[in-house]
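> heads up, no residue letters with this:
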């Protein structure tokens with residue numbers, strides 16, 4: 001009788017031994033809860049981008065126009081879209097959102113549906129188009145371009161009536177079809193009140209939950225710009241963070257019970273922190289201006305945020321899983337003012353120096369568990385700088401540990417953590433330890449990871465670092481564990497020896 005050619009069970013066990021890295025491929029974890037769409041993933045990748053508030057208010061020295069401003073008021077003396085966009089790009093911004101029409105109703109493009117626009121401005125003899133020039137400059141400098149179209153219009157005679165909704169949607173279609181790819185569409189929550197309203201004046205009150213028929217208004221964007229994310233108090237893709245100070249909550253969950261909200265109807269506390277659990281993926285966007293006002297005022301030239309203040313805002317927005325939307329108001333020339341440029345340059349210098357070297361790249365990484373023993377989910381996958389790889393564990397191991405061994409003492413004061421977002425937001429509580437005197441000592445802990453979590457504190461010097469997943473309903477999917485150090489010369493004020501965990 002011929003001996004069987006099949007390998008023995010013992011040999012199979014050796015061939016597929018996880019320790020040899022030849023284990024059968026493990027299945028990826030199942031997504032947990034709501035997860036981002038393709039357009040939301042592209043939005044998350046941007047992290048930091050700019051707002052441009054520019055209209056008749058720039059020339060009337062107001063924040064909100066009434067609606068009766070003459071078109072001739074808008075007359076920049078040296079408009080330079082390239083300078084505006086290049087300033088944003090050099091600051092590290094990935095997108096720019098332009099206020100194409102603010103509450104005053106003046107349009108920065110020659111809309112076919114109103115005479116209240118740049119076509120009656122002396123700027124370029126009425127032949128100019130700010131939207132076109134900014135969109136083209138964004139394309140040149142490889143920045144995404146977004147639009148802000150105020151739902152409230154203090155100029156239009158039909159605001160508050162059904163006819164205005166047709167007008168508004170016509171303008172939305174113009175912006176969605178004539179200016180190339182749109183990355184984000186901003187719907188402000190300010191709705192109704194006093195205005196000029198074609199000369200009639202008085203108050204116009206609306207039910208902002210029903211008047212705009214949001215589902216069908218949003219459908220215009222979905223049909224014409226399927227990769228554009230829409231912003232409002234309710235999303236549907238990106239939510240207001242509940243304040244205009246540029247600060248996300250801690251924690252700040254990316255999920256929200258979206259049906260509890262509508263544009264102009266907000267629980268600012270819930271928007272600031274999100275909902276856990278939540279019904280939809282609606283991450284937060286932290287809007288803030290580099291100056292006290294949203295539009296340019298010469299009186300604020302010496303009140304521009306400092307580079308260090310902007311860095312602090314970065315850690316309190318991007319560092320909490322949200323995005324930072326920083327307003328840069330062009331001045332009456334139509335340029336970003338020199339003081340704003342100088343502050344942005346200082347801000348970028350600090351961030352570039354801080355994140356120039358990831359100290360975790362050279363470390364040996366070991367994990368208490370690796371999913372199926374598969375190297376595709378090994379600890380090293382969180383150290384390679386790629387967003388599409390991740391360390392994960394078996395389904396029955398939701399609270400594992402990952403250890404970095406540097407083989408020498410390293411010093412850092414910033415830690416960056418990211419989850420693999422296509423699988424949802426999975427980690428609820430986490431902690432970081434340093435190896436000191438042959439024992440582990442905790443130096444940071446917090447709630448929520450998500451798109452990015454930045455811990456920033458006093459210097460930590462150690463040969464080993466441990467990440468503990470303290471609480472999670474499912475196994476983790478961690479795409480980044482990185483360590484950085486801010487140069488001493490760029491820190492202000494000098495950091496204390498230690499800061500409160502999670503700050």
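Now that the structure is in, tell me what you want to look at. Remember, it's a predicted structure, so these values are computed and weren't measured experimentally.
> which SSE is the residue nearest to residue 170 when sequence neighbours are not counted in?
Among residues not flanking residue 170 along the chain, residue 113 sits closest, at 4.9 Å (Cβ to Cβ, 6 or more residues apart in numbering). (C-beta placed from N, C-alpha, C; glycine too.) In the assignment (DSSP states H and E), residue 113 maps to no helix and no strand.
> For residue 113, give its distance to residue 182.
Residue 113 sits 19 Å away from residue 182, going by Cβ to Cβ, to the nearest Å.
> Look at residue 458 and tell me its secondary structure.
Residue 458 carries the three-state label strand when classified by DSSP: H, G, I helix; E, B strand; the rest coil.
> Is it in contact with residue 413, as I believe?
Yes: under the criterion of Cβ atoms under 8 Å, residue 458 is in contact with residue 413, at a separation of 6.2 Å.
> neighbour count winner among the two?
Remark: of residue 458 and residue 413, residue 413 carries more neighbours, 20 against 12, as counted by other Cβ atoms under 10 Å.
> do you know how far the more buried one is from residue 454?
In this structure, residue 413 lies at 11 Å from residue 454, with Cβ to Cβ as the measure.
> do residue 352 as well
Looking at residue 352 against residue 454, where the rule is Cβ to Cβ, the gap reads 15 Å.
> Likewise for residue 62?
Using Cβ to Cβ, one obtains 37 Å as the distance from residue 62 to residue 454.
> Kindly report the same for residue 234.
The value you get for residue 234 to residue 454, if Cβ to Cβ is used, is 27 Å.
> Return the residues in contact with residue 92.
Contacts were defined as Cβ atoms under 8 Å, 6 or more residues apart in numbering; by that measure residue 92 touches 48, 348, 351, 352.
> ranges for the strands of the stretch 151-300 of the chain?
184-186, 193-194, 203-204, 229-232, 238-240, 255-256, 280-281, 284-289 (DSSP state E, counting those that start in this stretch).
> Report the rounded mean pLDDT for the helix or strand just after the longest one.
By that I understand strand 284-289. Next helix or strand after strand 284-289 toward the C-terminus (DSSP H and E): helix 307-317. Mean pLDDT, computed over helix 307-317, is 98.
> returning to what we had before: give me the number of residues near the residue nearest to residue 170?
That count, for residue 113 with other Cβ under 10 Å as the rule, works out to 16.
> what's the spacing between it and residue 169?
With distances taken as Cβ to Cβ, residue 113 is found 10 Å from residue 169.
> Please spell out which residues along stretch 146-153 are buried.
Of the residues in stretch 146-153, those buried under the neighbour-count criterion (16 or more other Cβ atoms under 10 Å) are 146, 147, 148, 149, 150, 151, 152, 153.
> Name the nearest of those relative to residue 296.
Looking at these and their distance to residue 296, the nearest is residue 148, at 16.1 Å (Cβ to Cβ).
> ok, now how distant is that closest one from residue 265?
When residue 148 is compared with residue 265 (using Cβ to Cβ), they lie 19 Å apart.
> Point out where the stretch 51-200 of the chain drops to low pLDDT.
Under the criterion pLDDT under 70, no range of the stretch 51-200 of the chain is flagged.
> OK, contacts around the residue nearest to residue 170?
When contacts are counted by Cβ under 8 Å, 6+ apart, residue 113 is found next to 167, 170, 171, 174.
> Against residue 163, how distant is it?
Counting by Cβ to Cβ, the gap from residue 113 to residue 163 is 11 Å.
> Endpoints of stretch 140-154, how far apart?
34 Å (Cα to Cα, to the nearest Å).
> ok, now stretch 173-183?
Using Cα to Cα, the gap from the first to the last residue of stretch 173-183 comes to 15 Å.
> Just the buried positions in that stretch, please.
For stretch 173-183, burial by neighbour count (16+ other Cβ under 10 Å) applies to 174, 175, 176, 179, 182, 183.
> same thing with stretch 299-316?
In terms of neighbour count (16+ other Cβ under 10 Å), stretch 299-316 has its buried residues at 300, 304, 305, 307, 308, 310, 311, 312, 313, 314, 315, 316.
> Who are the contact partners of the fourth one?
To tie it back to what came earlier, the one meant is residue 307. Here residue 307 is in contact with 343, 344, 345, 346, 347, 349, 350 (Cβ under 8 Å, 6+ apart).
> same check, this time on the second one
By Cβ under 8 Å, 6+ apart, the contact set of residue 304 is 290, 291, 337, 339, 340, 343.
> Quick check: the gap between it and residue 204.
In this structure, residue 304 and residue 204 are 36 Å apart, going by Cβ to Cβ.
> ditto for the fourth one
Relative to residue 204, residue 307 is positioned 43 Å away (Cβ to Cβ).
> try the first one
For residue 300, the distance to residue 204 under the criterion Cβ to Cβ works out to 31 Å.
> what's the answer for residue 65, then?
Distance, residue 65 to residue 204, using Cβ to Cβ: 15 Å.
> So residue 428 sits against residue 474, correct?
No: counting by Cβ under 8 Å, residue 474 is not a contact partner of residue 428; they are 10.1 Å apart.
> Am I right that residue 468 is in a strand?
Yes: the assignment for residue 468 (three-state DSSP) places it in a strand.
> count of neighbours near it?
The burial count assigned to residue 468 is 19, neighbours taken as other Cβ under 10 Å.
> Was I right to think it contacts residue 431?
Yes: when contacts are counted by Cβ under 8 Å, residue 468 is listed as touching residue 431 (4.6 Å).
> Tell me where the model's unsure across the stretch 351-500 of the chain.
For the stretch 351-500 of the chain (pLDDT under 70), the answer is 494-500.
> Can you give me the domain assignment for this protein?
38-354, 364-490 (automatic domain parsing).
> And the pLDDT for the residue nearest to the spatial centre of the chain?
Centre of the chain computed as the mean C-alpha position; nearest residue by Cα atoms, centre = their mean is residue 323, 2.1 Å away. The per-residue pLDDT reported for residue 323 equals 98.
> One more: residue 22?
Listed pLDDT for residue 22 reads 50.
> and what of the one 4 residues further on?
The pLDDT attached to residue 26 in the predicted structure is 94.
> Surely it and residue 378 touch.
No: using Cβ under 8 Å, residue 26 and residue 378 do not qualify as a contacting pair, with a distance of 10.8 Å.
> higher neighbour count, these two?
Neighbour comparison, residue 26 and residue 378: the larger count goes to residue 378, with 20 against 17 (by other Cβ under 10 Å).
> was I right about the more buried one contacting residue 370?
Yes: counting by Cβ under 8 Å, residue 370 is a contact partner of residue 378 at 5.2 Å.
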